[in-house]
Each structure stands twice: as C-alpha cells, then as structure tokens.
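K.L.:
predicted model and sequence follow; I will ask about them next.
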Amino acid sequence: MSRWVMVKKARSSQRREEALSRESIIDASIELLDISGEGGLTFRALSERLATGPGAIYWHIANKSDLMTAACDAIVARMMEANVAGATPKATIRAVALGVFETIDAHPWVGSALTRAPGQLPMVRIFEPIGQQVRALGVRDKEQWAVVSALLNYILGVAGRNAANGQFARKRGIDRSDFLEAVSTVWSQLNPDEYPFACSIVGQLRAHDDRMDFLAGIDLILRGIDSPRRH
C-alpha cells in the first residue's frame, strides 16, 4: 500500500472520529437507555444507531461505565438548568427535589447510574445546590453534612422506588388505579383491632398522589431544619 493511500485512510478515519462527537454519542446512549434500559446499552447497539464502528466510539468514551455516567450527567445537567431557581432557599430545595423525582421517573436508569457514581459530577450537580440552600437557611456548619445527606438520601431513595414501581407496573400491564383499588379492598377487610391505622387510611390509599407525598416528605425535613434543637 502506498504512503499516499495510508495517509488518506488515516485522515478519513480522523474526520469520522471528529464528526462523531462525544455529545452525539451521549445523546444516542440516552435514547437507547430510555427505550431498552441499561441492558440495551451496548457498544454494538450504539454503533448501529450511530452508523459507525466501535473504535470510533472508544475514541471518545472509555467504557460502558464512563458512558453511563456521561449520559446521567447530561440528563442531570439539563434538569438542573430548569429547576435550580426558587424564590427562597426552601423553594429552591423543593424545586431541585421535584426535578430529580420527575427526571428519575422519566428516565429510570438515572437512579442506578447516580448510585454507581456517588462522588462524580452527576451527584455533585445535585448535592451542591442543596448544600448551598441548607447553608442559606442558617444550618450550623457541623450539621450541614447530616442535613444535606438526609435530604439527598430521601430524594434518591423515594424517587428510585417510585421509578421502580412504575417500571414494574408497565412491564406487567398493571393500571395504577386498579392496583390501588385492589390493595384498598384488601386493607378494608383487615381486623381494625389489629391494624387500626391501616384500616383508617384506606380512603387515602385509593386517592393518594405519589408526587405530593414525595413533596410532603421534603417539607417534613425542611420543617425539621427549623426545629429549636438546631439553635
């Protein structure tokens, strides 16, 4: 093979790598994850979607773990751009919390991706604004870590469970209203002497709103921040 042909091929390969940006790879990965979940994201499937070879992708992304974190970070960054503003520190915390809840509901794989990247940028994007608002609320320095951690653990835990429940229902064709009605019927037949609380909230169980329940939990934590024990 002549030197000219080798140079031409090298330049052609470089142009393909440059045309295939990291951003386009991440966007395609997000589409695959939303359609097929984490199991559907493979470099082979990604190569087919981008009409390129795996080598061109590896030029930008080291491995699947790196790809998952990058895709998660892109989603979280977009969410934060739309949800960081609030009239007060508490309003901002509620906005961020709800943004995370709705993001994980729309992209269930984000929850597990965040769990696997605890100290990386996607988590820091959520941690930082919550921490700033906790500080703005006057929480003492030595208590800030515990307060932010409590908020973050609640947000990710409830959001992740809600998304998992949604996935379970969709895979099995379960209608939420029918499911809640069935559970309410079972609870209504419990012995009220043994299960007085469960029997008393049967009506609320039928009509409860997961989103509002989530925010109610955030408000409970925020009210705890105002507790006299903090001073």
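P.N.:
The structure has been received and is ready for your questions. Just so it is clear, the structure is predicted and the values come from calculations on it, not from any experiment. Numbers count the residues shown, from 1 in each chain.

K.L.:
what residues does the closest residue to Ala163 other than its chain neighbours make contact with?
P.N.:
Distances taken as CB to CB, 6 or more residues apart in numbering place Pro108 nearest to Ala163, at 4.0 Å, with adjacent residues excluded. Quick note: C-beta positions are derived from backbone N, CA and C, even for glycine. Pro108 is in contact with 37, 163-164, 166-167, counting by CB atoms under 8 Å, 6 or more residues apart in numbering.

K.L.:
ok, so what distance separates Pro108 from Leu114?
P.N.:
11 Å (CB to CB, to the nearest Å).

K.L.:
before we move on, what about Asn191?
P.N.:
Here Asn191 is placed at a distance of 42 Å from Leu114 (CB to CB).

K.L.:
so for the two, which sits in the more crowded spot?
P.N.:
Leu114 (27 against 9; other CB atoms under 10 Å).

K.L.:
what's the domain layout of the chain?
P.N.:
1-61, 74-230 (automatic domain parsing).

K.L.:
and of those, who's closest to Met68?
P.N.:
Nearest of the domains of the chain to Met68, taken as CB to CB: domain 74-230 at 4.9 Å.

K.L.:
what is the burial count for Gly55?
P.N.:
As a measure of burial, Gly55 has 12 neighbours, counting by other CB under 10 Å.

K.L.:
so what's it scoring on pLDDT?
P.N.:
Predicted confidence (pLDDT) for Gly55: 83.

K.L.:
so what's it up against?
P.N.:
Contact analysis of Gly55 by CB under 8 Å, 6+ apart lists nothing.

K.L.:
distance of it from Leu33?
P.N.:
Following CB to CB, the distance that separates Gly55 from Leu33 is 22 Å.

K.L.:
now swap in Lys171 and tell me
P.N.:
16 Å.

K.L.:
who has more neighbours out of the two?
P.N.:
Taking other CB under 10 Å, Lys171 and Leu33 do not tie; Leu33 has more neighbours (23 against 8).

K.L.:
what sits closest to the more buried one if chain neighbours are left out?
P.N.:
Trp109 (4.8 Å).

K.L.:
of the contacts of Pro108, grab the buried ones for PyMOL.
P.N.:
A single PyMOL command is used to select the members of those judged buried by 16 or more other CB atoms under 10 Å:
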select buried, resi 163+166
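
K.L.:
in helices, which of the contacts of Pro108 appear?
P.N.:
For the contacts of Pro108, the ones inside helices are 163-164, 166-167, with DSSP state H as the criterion.
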